[in-house]
Structures are given as C-alpha cells and as structure tokens.
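Engineer: Quick one, structure for this:
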Amino acid sequence: MSSSVSSVFHVKEHVLDGSHIREFPRALARSQEDVLKLAVKEYTPKDNPNPKPGDVTIIGAHANGFPK
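Structural biologist: Below you'll find the predicted structure:
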C-alpha cells in the first residue's frame with residue numbers, strides 16, 4: 001500500500017539566507033555579493049505533532065553543490 005508524504009507528515013518549507021561565496025568570483029549568476037538561499041523542508045509526523053525529549057530527529061541533505 002502506497003501513501004504520499006503529505007498524508008503521513010505535515011510539511012513546512014523554510015528559506016534561509018546562506019553563506020556568501022568568497023573564493024569563486026564567478027560562482028553566482030549576477031553579483032558576487034548576492035545572498036544564496038537555503039531551502040529546508042520540515043517533516044512533522046501527523047501521529048506525533050508535539051515531539052518530546054528522546055524522540056529521534058533525522059536530518060538529511062542532498063549532494064548537489066557540496067564541495068568535494
């Protein structure tokens with residue numbers, strides 16, 4: 001039985017200012033002074049909307065754009 005993510009979790013998206021690129025002058029499309037944005041999605045289980053101490057938190061990140 002398949003279910004969508006939104007049927008199991010409340011999904012909330014956050015957009016934060018990221019770090020400036022200093023070492024790579026042409027890394028951004030416009031100005032080197034542009035502020036990068038970091039998009040983060042928060043998934044809260046619908047069956048546990050108020051997590052308590054001891055509950056598990058899982059943090060994941062994609063690999064695109066990460067320095068090697």
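Engineer: what's the distance between Val5 and Lys46?
Structural biologist: 11 Å (C-beta to C-beta, to the nearest Å). Using the backbone N, CA and C atoms, a C-beta is placed for each residue, glycine as well.
Engineer: For the protein, just list every one of the strands.
Structural biologist: 9-17, 37-45 (DSSP state E).
Engineer: centroid residue for the protein?
Structural biologist: Val40 (2.1 Å; C-alpha atoms, centre = their mean).
Engineer: Just give the nearest non-adjacent residue to it, would you?
Structural biologist: His14 (4.6 Å; C-beta to C-beta, 6 or more residues apart in numbering).
Engineer: my read: the one you found touches Tyr43, true?
Structural biologist: No - counting by C-beta atoms under 8 Å, His14 does not reach Tyr43; the two are 11.8 Å apart.
Engineer: So those two - more neighbours on which side?
Structural biologist: Taking neighbours as other C-beta atoms under 10 Å, His14 and Tyr43 compare with Tyr43 leading, 13 against 9.
Engineer: Now do that one, the pLDDT please.
Structural biologist: According to the prediction, Tyr43 has pLDDT 85.
Engineer: And for Asp47, the neighbour number?
Structural biologist: 7.
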